[in-house]
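S.K.: A predicted structure for the sequence below; I have some questions about it.
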Amino acid sequence: MIAERVDFLVIGSGVAGLRAAFEAAEAGSVYVITKDTLKESSTEYAQGGVAVALCDEDTIGIHFEDTIKAGDGLCIDEAVHTLVNEGPERIMELISWGAEFDKSDSRLIFTLEAAHSRRRILHAHGDSTGREIERVLIKKAMSMPQIKKYSFAYFLDLIVFDGQCYGAYMLRDGQVTAVLAGATILATGGAGQVYSRTTNPQVATGDGMAAAYRAGAEMSDMEFVQFHPTSLYASGAPQFLISEALRGEGAVIRNIHKEKFMGLYHIDAELATRDVVARAIVSEMTRTGSHYVYLDITHLDKEYIKNRFPRIYKTCLKYDIDITTELIPVSPAAHYMMGGVMTDIDGRTNIKGLYAAGEVACTGVHGANRLASNSLLEGLVFGARAGSTAVKEQADLKDINPELALTVTQDHIENPDEIRSTIRRVMWEKVGIIRSAASLHEALDVFTTLSHVTAHTYLTRYENEIKNILQTAQLIVQSAIERKDSIGAHYRSD
Ligand SMILES: Cc1cc2nc3c(=O)[nH]c(=O)nc-3n(C[C@H](O)[C@H](O)[C@H](O)COP(=O)(O)OP(=O)(O)OC[C@H]3O[C@@H](n4cnc5c(N)ncnc54)[C@H](O)[C@@H]3O)c2cc1C
């Protein structure tokens, strides 16, 4: 097996990975490996914005309170303090690197989203906030020669020896390389693809969570999956996210009879937390025997809608829905993983030399339910912290001589498409917005019959992704079985 050495290995090129890489690059050589193009990530698709207490009417204390309230009592105070306190500095830094957030007369514009008590969401090009952040981070990474970027480099597994992480195995052009590193930062994002209905891009297959678990990392809060209430539901269309910001700007939800109903379910109506809105929609869909509800923004000025939400306007128009005059058919979809690899606020995991940041990690900042638009900020704040901790604690490269032991099978998974589809459908039907002991055990039984898939490492990205989807699904189900009460995004009908 080929082996290479580098001071710092960063796995993933979304907001958390790139921000971590900048810290590491101050102290040594860095590899950023990513399984697709550099920009392909959830970060690239984030629409609504980034929450930060920078507006005159807002304070860090109020942002803290709103985050804690959304988390339903399960947030870790120290993590939330860190997020809201360091958020403004990370955003100002991003602006100094060239990020163009939307402004009016040279003043930043802040919008409102569900469960925020103040207008604190910055956005870019209307509804392309993540794309703007990713553009700026990639541009900066390109200007740093000490950061080597490897696209289409698939991370297979961590190299862990005697309780310490020494890097990772990478699959590129059909060849496995052991990348030995003084410190390894996992920033592989979320796992939305575990579900058949998801807003997440194809890359979000839970690879980092599954691999960290295999290596002995402690996992936390895996039962807490956030379902976004409003993804596009139109024939032939992808499950494109229709941002919360539409409701922040006054959009209302109607059932198939075009009646408003959110006020009957919660006092905050359309601006209640995502779990509440998603469950209300499911109840209303069941009551009316429909697979979708409508989002209605037609009462706003046509030109305003086009300028404020250009990406959503154009995407819906592609599927013959003019959002300025027509109702948008929507239904919930899996969107964000609150749980993941357990870390402290400096990105440390329980495995020495392994750090994690962003959606793959669980710092406790989101508790049982993430406050909308807190995750881009999380990537910036905790990405930077994980990077600087790795710098302080990196192992000396000359001391790194682990036993390399990875067996890759030449065999293939039989019927891979069918297995992938079965796992994702079972997750949606049995481990979705509403779960019960019976449905969770049914899911577990199906997954047990597929466990042969997880016994090998494969020579293709697709097959390894199926293995990781299955292992991540099993982690979610097992955690959901253990948490018998309903809290936040985890709702048990029994
Ligand atoms: C449609 C959509 C809209 C959203 N809107 C918002 C919003 O408005 N505001 C907000 O705060 N949050 C939003 N979110 C959530 C937010 O975008 C993500 O939580 C955040 O961007 C995650 O950043 P990350 O760096 O942890 O992961 P990502 O940005 O997903 O990056 C993960 C990286 O890891 C790579 N990777 C994964 N597995 C492997 C592997 N095996 N080998 C090599 N590389 C790998 C991926 O290719 C990618 O480069 C949205 C998410 C989606 C999907």
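M.R.: The structure has been received and is ready for your questions. Numbers count the residues shown, from 1 in each chain.
S.K.: which positions in the stretch 251-400 of the chain make contact with the ligand?
M.R.: 336, 358-360, 373-376, 379 (Cβ under 6 Å from any ligand atom). Where you see a C-beta, it was placed from the backbone N, CA and C, and this is true even at glycine.
S.K.: need the contact list for Tyr294.
M.R.: 253-256, 258, 327-330 (Cβ atoms under 8 Å, 6 or more residues apart in numbering).
S.K.: again, only using 6 Å
M.R.: Applying Cβ atoms under 6 Å, 6 or more residues apart in numbering to Tyr294 gives the contacts 254, 327.
S.K.: rounded mean pLDDT for the longest strand along the chain, please.
M.R.: The longest strand of the chain (DSSP state E) is strand 175-186. What strand 175-186 shows for mean pLDDT is 97.
S.K.: and the helix or strand just after that strand, what does it pack onto?
M.R.: Following strand 175-186 in sequence order, the next helix or strand is helix 207-214 (DSSP states H and E). Packing partners of helix 207-214 (3 or more Cβ pairs under 6 Å, 6 or more residues apart in numbering; DSSP states H and E): helix 461-482.
S.K.: how near is Val381 to the ligand?
M.R.: 12 Å (Cβ to the nearest ligand atom, to the nearest Å).
S.K.: so that residue belongs to a helix, correct?
M.R.: Yes. Per DSSP: H, G, I helix; E, B strand; the rest coil, Val381 lies within a helix segment.
S.K.: give me the three-state assignment for the residue nearest to it when sequence neighbours are not counted.
M.R.: Leaving aside its chain neighbours, Val381 sits nearest to Glu86 (4.8 Å; criterion: Cβ to Cβ, 6 or more residues apart in numbering). Classification of Glu86 using three-state DSSP returns helix.
S.K.: worst-scoring helix or strand of this protein, pLDDT-wise?
M.R.: For the chain, using mean pLDDT, DSSP states H and E, the weakest element among its helices and strands is helix 245-248, scoring a mean of 90.
S.K.: only alpha carbons, please: show that one as CSV.
M.R.: Extracted in CSV, the C-alpha atoms of helix 245-248 (Å, rounded to 0.1, in the frame of the first residue of the first chain):
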residue,chain,number,x,y,z
ALA,A,245,-36.8,32.5,5.0
LEU,A,246,-39.9,32.5,2.9
ARG,A,247,-41.9,32.0,6.0
GLY,A,248,-39.8,34.6,7.7
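S.K.: chain center to stretch 458-467: distance?
M.R.: Distance of stretch 458-467 from its chain centroid, counting by Cα atoms, centre = their mean, to the nearest Å, is 21 Å.
S.K.: surely Leu71 touches Gly367?
M.R.: That one is not Leu; residue 71 is Gly. Yes. Counting by Cβ atoms under 6 Å, Gly71 touches Gly367, with 2.4 Å between them.
S.K.: for the stretch 301-450 of the chain, what spans make up the strands?
M.R.: Taking DSSP state E, counting those that start in this stretch to define them, one finds strands in the stretch 301-450 of the chain at 328-337, 340-342, 354-356, 361-362.
S.K.: picking that back up, narrow the residues of the stretch 251-400 of the chain next to the ligand to those in helices?
M.R.: Among these, DSSP state H puts 375-376, 379 in helices.
S.K.: what would those residues look like in CSV with pLDDT?
M.R.: Output for those, formatted as CSV (pLDDT from 0 to 100):
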residue, pLDDT
Ser375, 97
Leu376, 98
Gly379, 98
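S.K.: of those - the most surrounded one?
M.R.: Highest neighbour count within those: Gly379, with 33 neighbours (other Cβ atoms under 10 Å).
S.K.: how about that one, nearest residue that isn't a chain neighbour?
M.R.: Here the residue nearest Gly379, using Cβ to Cβ, 6+ apart, is Val15, at 3.4 Å.
S.K.: now do that neighbour, the pLDDT please.
M.R.: Val15 carries a pLDDT score of 98 in this model.
S.K.: check Phe64 too.
M.R.: At Phe64, the pLDDT value in this model is 98.
S.K.: how close does it sit to the ligand?
M.R.: Taken as Cβ to the nearest ligand atom, the span from Phe64 to the ligand is 17 Å.
S.K.: Leu108: which of the residues of the stretch 251-400 of the chain next to the ligand is nearest?
M.R.: Closest approach to Leu108 among those (Cβ to Cβ): Ser373, at 14.3 Å.
S.K.: the residue nearest to Gly379 - how many residues pack around it?
M.R.: 31.
S.K.: quick one: contacts for it?
M.R.: With the criterion set at Cβ under 6 Å, 6+ apart, Val15 makes contact with 43, 133, 376, 379.
S.K.: out of the residues you listed, which two sit at the greatest distance?
M.R.: Pairwise over the contacts of Val15, using Cβ to Cβ, the maximum falls at Ile133 and Gly379, 8.5 Å.
S.K.: in this structure Gly189 contacts Ala361, no?
M.R.: No. Gly189 sits out of contact with Ala361 when judged by Cβ under 6 Å, with a separation of 10.1 Å.
S.K.: tell me which stretches of the stretch 1-150 of the chain form strands.
M.R.: Under DSSP E, counting those that start in this stretch, the stretch 1-150 of the chain gives strands at 2-11, 30-33, 50-51, 103-104, 107-108, 110-111, 121-122, 147-150.
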